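>>> any chance you can model this:
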Amino acid sequence: MERPLSPTPVKFKVDFETCPVQASLGILGRRWSLLVLRDIALYRAQRFNEMMRMTPGITKRTLAMRLNELEREGYIARAEVRRNYTRWTTTEKGQDVLPVLMALVHFGSKWHAGEVFADGKARALNDIFDNSYILRVLGPTLGQPSRRTVRATAPAERFASGQPSADAPT
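As a prediction, the model looks like this:
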């Protein structure tokens, strides 16, 4: 069932100096940034050459720039520095981007299934990831049961299975 758009704008409880989405897209909105975070956080590709293999099309120069920017902004940190390589890891700030990445996985798996999967069939997150991983990633934001939930299903589980949220307007 399609939900009608509200004829009036949303009323915020606070006044913004600038849009939080716009502020969040500073470094994250730059080309390759989310894919570099994906490589480190989801694929555990933590070394430069691993990230080059995981991200076809990125140049060495661009990867080096994104790693420096993500480190400078506090999304990643150097976990190990050796003479021949550096290993990267996500910081708390970088881990807070994981629910955004999971939302993009969910969206891409549903709306771009023809590009994403060989059989072209859309999939829910729990078809892609283990439920414990989904709840671990989405736990702080979506993994806790809502007070208004009708069923005893956590929001992260509904998100993972593609079910509509009980909290969502219909």
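>>> how close does Thr89 sit to Asn68?
Going from Thr89 to Asn68 by CB to CB, to the nearest Å gives 15 Å. Where C-beta positions appear, they are placed from N, C-alpha and C, glycine not excepted.
>>> looking at the two, which has the bigger crowd around it?
The neighbour count for Thr89 versus Asn68, taken as other CB atoms under 10 Å, is higher for Thr89 (15 against 11).
>>> for that one, list each beta-bridge partner.
Ala77 (DSSP bridges).
>>> pull the number of nearby residues for Lys13.
Per other CB under 10 Å, the neighbour tally for Lys13 reads 4.
>>> change the start of the numbering to 90 and stick with it
Right, with 90 as the first residue, what we last looked at is Lys102.
>>> element containing it, please.
Assigned by DSSP states H and E, Lys102 belongs to no helix or strand.
>>> how near is it to Gln184?
Distance of Lys102 to Gln184, computed by CB to CB: 26 Å.
>>> got it, and Lys149?
For Lys149, the distance to Gln184 equals 26 Å [CB to CB].
>>> neighbour count winner among those two?
Legend: neighbour count by other CB under 10 Å for Lys149 and Gln184, higher for Gln184 (15 against 10).
>>> how about that one, phi and psi?
Phi and psi for Gln184, reported as degrees, to the nearest 10, are phi -60, psi -30.
>>> now do the domain split for this protein, please.
If you go by automatic domain parsing, the domain ranges for the chain are 109-180, 187-250.
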